[in-house]
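A.B. asks: I would like the atomic coordinates for the input below:
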Amino acid sequence: MDSLEGKKAPAFTLEGSDGKKHSIKDYLGKKVVIYFYPRDNTPGCTKESCGFRDLNEQINDLNTVVLGVSKDSLASHDKFIGLFNLPFTLLSDPETKMMAKYHAWGEKILYGKTSIGCIRSTVIIDEKGKIIKHWRKVPKAEAHPAKVLEILQSL
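C.D. replies: So this is what the prediction gives:
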């Protein structure tokens, strides 16, 4: 799959854990980190989400918003947020349409077995709605949020 870097962020409208609908156009004027993860309350996803939680204040100080996306329900997101005190919005993409647009849904290999599912990936979108960084596959979920912060600080 091609990188999305340099391209306009694909449009979406999804329900958020805050009870509101979210679209990329809502965030013009801010940078946005969107991280795609397979499932609420699983080991890798929890480590990654808690990493973004722990760095959220520093990320916000850089005029940047964090959004997490999975196909989990809003009820599942609410439990996940409550368990780990996540301070940012999680978006529910049950039909995986947004994930597909961002190359975060497709064929993947886990433990040697090929399947279709969420590909752990992340984009950073600039204030004008352009993707400036695209991790097509995040290898180490627990270390990834610090790498994202490092990139944001270098902009």
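A.B. asks: Residue 145 is in contact with residue 58, isn't it?
C.D. replies: No. Residue 145 is not in contact with residue 58 according to Cβ atoms under 8 Å; the separation is 10.0 Å. Where you see a C-beta, it was placed from the backbone N, CA and C, and this is true even at glycine.
A.B. asks: Contacts only, for the residue lying closest to residue 88 once chain neighbours are set aside.
C.D. replies: Nearest residue to residue 88, sequence neighbours excluded (Cβ to Cβ, 6 or more residues apart in numbering): residue 66, at 4.3 Å. By Cβ atoms under 8 Å, 6 or more residues apart in numbering, the contact list for residue 66 reads 32-33, 35, 52, 56, 59, 88.
A.B. asks: cool, residue 44 as well?
C.D. replies: By Cβ under 8 Å, 6+ apart, residue 44 lies in contact with 37-38, 120, 141-142.
A.B. asks: If we use 10 Å, what do you get?
C.D. replies: Taking Cβ atoms under 10 Å, 6 or more residues apart in numbering as the criterion, residue 44 is in contact with 37-38, 120, 138, 140-142, 144.
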